[in-house]
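>>> starting from these lines, generate the structure:
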Amino acid sequence: MFFLVAFLISLPKTKSYLLPERIIILKNNANVLKWPPIRESINQIKTVWDLKEEMILTQKDFLEINLMDMAVYLYQKGIQKEKYVIKAKGANDDFGETPIGLFRILNKEIEHYSSWAYVYMPNSMRFTGNYYLHGLPYYANGQLTGATYSSGCVNLYSEPAKNLYDLTPRNLPVLVLEKDFLNDDYIYHKPLKTLPSISAQSYLVADVDSSQILYEKNRSTLVSAGTITNKFITGISASENSLLSFNYIFTTKIPINANAILYKEDRVWPIGERIPYIDLFYPMIIEHSVNAAEALAQSRLGHGYEYALNERAKSMGLNNTFISDAGGYDLNNLTNAEDIFLLSRYLLKNKTWMLEISKGVLYPKFGQPYFSEPYNNKNIFYQKENFLGGYYDLGQAGLENGFGIFKISLDGTERSIAIVLLQSQDIKSDTEKILNLFVDGKNN
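Okay, the predicted model is just below:
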């Protein structure tokens, strides 16, 4: 803490930054230093919006893609130097969102050809998966597509895109922000009701929209609970290495390789056959299939996919999650309650369709599922009316791990809370005890 204060005092004499819901004023006088957030009395989980503040304060070079402002900002040594208007972004629907998080410029191409959309994308800079920052796309005859939404890429006007391309080096950090990830102003009245006895050795109960912590115990303790994080991060990464707004990707059939069938499961896997891509998500999330996760990772991310999964986890702020396989059953897969909360928040804000699958929702617009027999949903609250999605699984030594997002009514407003429980002796009972704290629409 002393180093941080000393560093901030050593910054240039006067600077003022207006950031979402907070103002930072730095002068050569410790008495006027207003940092961290103004609402420092509220115990909140740090989100991707906070990364912008940190990068400015530590005088980093970075790109900010702000999907709320519909603008790209170039920062050099923490100072905004350039602004570029966004012409098109991914549609805010089930499958077409632009991914949110902290990425980097992976590669640059003056003229990239998209084999998915059959268009040229000038001054392209890839920042994750199949997502690019580029100029206005055009067809082989030179005609602009004129699209108002992209398949997830960020489109700039042509001349500004060239200017930004020339100013942007490879590996430059890229921070993609969306208004949905900005904490809202709701504050829970204190004191909260006393939490009854909970068997979980580690837990975190927090508001998904405000990131305010309601109850916690050992939320930073690492646990071998990769069956939760790994499958969702595999699904996120695999989907982002395709273009989900192009429906044929979901119906594209991929081979089931024997190398992906690692465990004996209730479902019989058709080794050697080709099944639709979407049909791997259903058993992976609903039935917790390790084999489905392996097949997804191997087919969409290729050999050495573990690196890609760890990189994607870090981009979402899951800095304490370590992935050694897609399915998550290796004991070297580690995470903690705080990272699982961040994952649940990301899913609700940016990958709602994966949470819907956890409730047993299928997507008939992509055709009838390959597997004819019913899916056995292991997510114990999937039939509960206020359950927005989650994942529950058996961990080590018979202990249970899981998370659920629930809609609650509180003080006349509806809130979404995430309940993360790790190493629980009875995760269903523990979850119900916590939900009962909110049954009368109050928590004080």
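
>>> burial measure for Arg170, as a count.
11 (other Cβ atoms under 10 Å). C-beta coordinates here come from the backbone N, C-alpha and C atoms, glycine included.

>>> surely it meets Ile105?
Yes. Here Arg170 reaches Ile105: they are 5.2 Å apart, a contact under Cβ atoms under 8 Å.

>>> residue nearest the centroid of this protein?
Tyr346 (3.6 Å; Cα atoms, centre = their mean).

>>> let me see the ranges of the helices in the chain.
2-9, 48-57, 158-167, 226-240, 247-251, 278-286, 290-301, 305-315, 337-350, 352-358, 427-435 (DSSP state H).

>>> what stretches of the stretch 201-350 of the chain score poorly on pLDDT?
243-251 (pLDDT under 70).

>>> what about the stretch 51-200 of the chain, any weak spots by pLDDT?
If you take pLDDT under 70 as the line, the stretch 51-200 of the chain has these spans: 93-94.

>>> do you know how far Leu347 is from Met316?
Distance, Leu347 to Met316, by Cβ to Cβ, to the nearest Å: 10 Å.

>>> what about these two, which has more around it?
A direct count of neighbours by other Cβ under 10 Å for Leu347 and Met316 places Leu347 higher, at 27 against 23.

>>> re earlier: in CSV, list the helices of the chain along with distance to Tyr203.
Shown next, in CSV, are the helices of the chain (distance: least, Cβ to Cβ, whole Å):
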stretch, distance to Tyr203
helix 2-9, 30
helix 48-57, 23
helix 158-167, 44
helix 226-240, 13
helix 247-251, 36
helix 278-286, 22
helix 290-301, 25
helix 305-315, 21
helix 337-350, 6
helix 352-358, 19
helix 427-435, 7
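
>>> which of these sits closest to Glu178?
Distance to Glu178, taken as Cβ to Cβ, is lowest for helix 337-350 among the helices of the chain, at 7.3 Å.

>>> any idea how far that closest one is from the chain center?
6 Å (Cα atoms, centre = their mean, to the nearest Å).

>>> before we move on, what about stretch 118-125?
From the chain centre to the centre of stretch 118-125 is a distance of 26 Å (Cα atoms, centre = their mean).

>>> okay, buried residues for that stretch please.
Across stretch 118-125, burial judged by 16 or more other Cβ atoms under 10 Å covers 119-125.

>>> contacting residues around the nearest residue to the residue nearest to the centre of the chain once chain neighbours are set aside?
Excluding the flanking residues, the one nearest Tyr346 by Cβ to Cβ, 6 or more residues apart in numbering is Met316, at 5.2 Å. Counting by Cβ atoms under 8 Å, 6 or more residues apart in numbering, Met316 makes contact with 48, 100-101, 342-343, 346.

>>> for Met316, what are phi and psi?
phi -90, psi 0 (degrees, to the nearest 10).

>>> gap between it and Ala418?
Distance of Met316 to Ala418, computed by Cβ to Cβ: 14 Å.

>>> over to Leu388?
For Leu388, the distance to Ala418 - Cβ to Cβ - is 9 Å.
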